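In: Pasting the sequence and the predicted model now:
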Amino acid sequence: MALKFDKITGNDEIFKNPEYMADSIIFNSIESARNDENYEIYSDHKNVIISTSKTGNRVWIWTSSAIKNDTAKLIDICRFLRDCNIPKVEIYVKQDVSGNLSDLYALTSLDLDYVVKDEFSLAVFTQKSKEPAVMPELSSDEKIEKIDRNNPAHVRMVKEFYEQCRTEFRWNEKFDRKVEEYLNMELYALVKSQKIVAVAAIGSQTEDYMRIKSVAVLKPERSKGFGTKMCTFVSNAIKEKGFTPILYSHVGNAPAMALWSKTGFRLNDKLYLLKIEDSNES
């Protein structure tokens with residue numbers, strides 16, 4: 001029997017489900033969406049689909065353990081998304097059940113017009129200690145500033161920074177939108193000799209957790225301690241607000257994985273991400 005999804009609110013009973021609550025630390029972005037009017041939430045009262053127009057109709061799917069092991073029902077979810085005209089699908093599941101998603105490649109042979117665009121694993125880190133970490137000393141020509149998007153000089157410096165990263169970040173076709181997205185966040189920059197060499201952004205939050213959205217260092221300036229300084233600074237800023245820092249990291253990014261461990265984070269869990277798009281967009 002096909003799954004039937006109805007539109008729900010952030011107060012639906014599913015969010016009190018023990019299994020969901022156990023995963024809430026992992027699905028920080030979903031939890032953050034519950035009271036955001038820019039998101040739409042659907043559920044069959046066992047599984048949750050959340051979409052938002054703010055990020056190109058990106059979709060997060062939280063699936064119960066039963067669905068994670070049932071490819072047919074996952075395909076039902078994709079059919080529902082197709083019927084809703086949601087073109088980009090991102091399925092997040094626990095790493096230990098990711099092998100059961102291999103049959104989703106069958107989507108390409110079904111009459112769904114979907115193709116698998118990307119797949120990778122994400123590591124979820126949280127801070128070990130609730131106490132502020134010792135901040136590495138800044139040199140005489142270094143300072144960390146909070147970016148003011150109403151300050152033209154700040155905006156110019158941020159754009160110059162990300163311009164040097166756009167190819168590495170694959171921002172070539174969405175550069176202006178991504179820069180605007182980060183300028184709207186709580187963004188900090190490490191300025192050295194009047195030039196930004198590293199940035200860190202604080203993103204969404206739940207009742208207990210606040211997400212470090214990004215820590216980025218210019219390629220020529222890496223391995224000089226700037227990443228450690230920025231990561232420590234924003235982690236302390238989050239703790240001062242009364243939250244526990246949380247972040248997601250691509251498992252294949254070895255330098256980043258090492259940085260999180262070095263700055264007091266612990267590996268909490270791993271997710272498997274499968275990106276599916278309409279073949280007409282490829």
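Out: Perfect, I can see it now.
In: end to end, how far does stretch 202-220 reach?
Out: 24 Å (CA to CA, to the nearest Å).
In: Quick one: distance of it to the chain centre.
Out: Taking CA atoms, centre = their mean, to the nearest Å, the mean C-alpha location of stretch 202-220 is offset from the chain mean by 9 Å.
In: which stretches of this structure aren't confidently modelled?
Out: 1-3, 24-29, 53-59, 63-71, 86-87, 93-118, 277-282 (pLDDT under 70).
In: Contacts for the lengthiest helix in it, please.
Out: For the chain, the helix with the greatest residue count under DSSP state H is helix 226-240. Applying CB atoms under 8 Å, 6 or more residues apart in numbering, the contact partners of helix 226-240 are 127, 130-136, 138, 142, 144, 188, 190, 192, 197-202, 210, 212, 215, 217, 244-245, 259-260, 262-264. Backbone N, C-alpha and C define where each C-beta goes, glycine included.
In: 7 Å - rerun?
Out: Outside helix 226-240, the residues within contact range by CB atoms under 7 Å, 6 or more residues apart in numbering are 127, 130, 132-133, 135-136, 138, 144, 188, 190, 197-198, 200, 202, 210, 212, 215, 217, 245, 259, 262-263.
In: so of these, which ones are in helices?
Out: Checked against DSSP H, these include these in helices: Leu259, Lys262.
In: excluding its backbone neighbours, what's nearest Phe80?
Out: For Phe80, ignoring the flanking residues on the chain, the nearest one in space by CB to CB, 6 or more residues apart in numbering is Phe5 at 5.3 Å.
In: quick one, helices of the stretch 51-200 of the chain?
Out: 65-68, 71-83, 152-163, 166-169, 175-183 (DSSP state H, counting those that start in this stretch).
In: For Tyr92, which of those helices is the nearest?
Out: Of all these, it is helix 65-68 that lies closest to Tyr92, at 10.3 Å by CB to CB.
In: which residues does Gly264 contact?
Out: By CB under 7 Å, 6+ apart, the contact set of Gly264 is Gln127, Lys128, Ser129, Ala133.
In: What about the residue lying closest to Arg222 once chain neighbours are set aside, how many residues nearby?
Out: Nearest residue to Arg222, sequence neighbours excluded (CB to CB, 6+ apart): Pro255, at 7.4 Å. A total of 10 residues lie near Pro255 under the criterion other CB atoms under 10 Å.
In: Can you tell me the element Pro255 falls in?
Out: In this structure, Pro255 sits in helix 254-262 according to DSSP states H and E.
In: ok, and for that helix, which residues are buried?
Out: Within helix 254-262, the residues that qualify as buried by neighbour count (16 or more other CB atoms under 10 Å) are Ala256, Met257, Leu259, Trp260.
In: neighbouring contacts of stretch 168-175?
Out: Here stretch 168-175 makes contact (CB under 7 Å, 6+ apart) with Arg166, Lys178, Lys219.
In: Buried only: go through these for me.
Out: With neighbours counted by 16+ other CB under 10 Å, those contain buried members at Lys178.
In: I'd like the contacts of stretch 168-175 written out as TSV, with distance to Cys78 added.
Out: Formatted as TSV, the entries for the contacts of stretch 168-175 read as follows, by distance: CB to CB, whole Å:
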residue	distance to Cys78
Arg166	31
Lys178	27
Lys219	38
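In: Show me the domain layout of the protein.
Out: Segmentation of the chain into domains, based on automatic domain parsing, reads 6-122+272-281, 142-263.
In: ok, the residue nearest to Leu271 when sequence neighbours are not counted - contacts?
Out: For Leu271, ignoring the flanking residues on the chain, the nearest one in space by CB to CB, 6+ apart is Leu122 at 4.4 Å. Contacts were defined as CB under 7 Å, 6+ apart; by that measure Leu122 touches Tyr248, Ser249, His250, Val251, Lys270, Leu271, Leu273.
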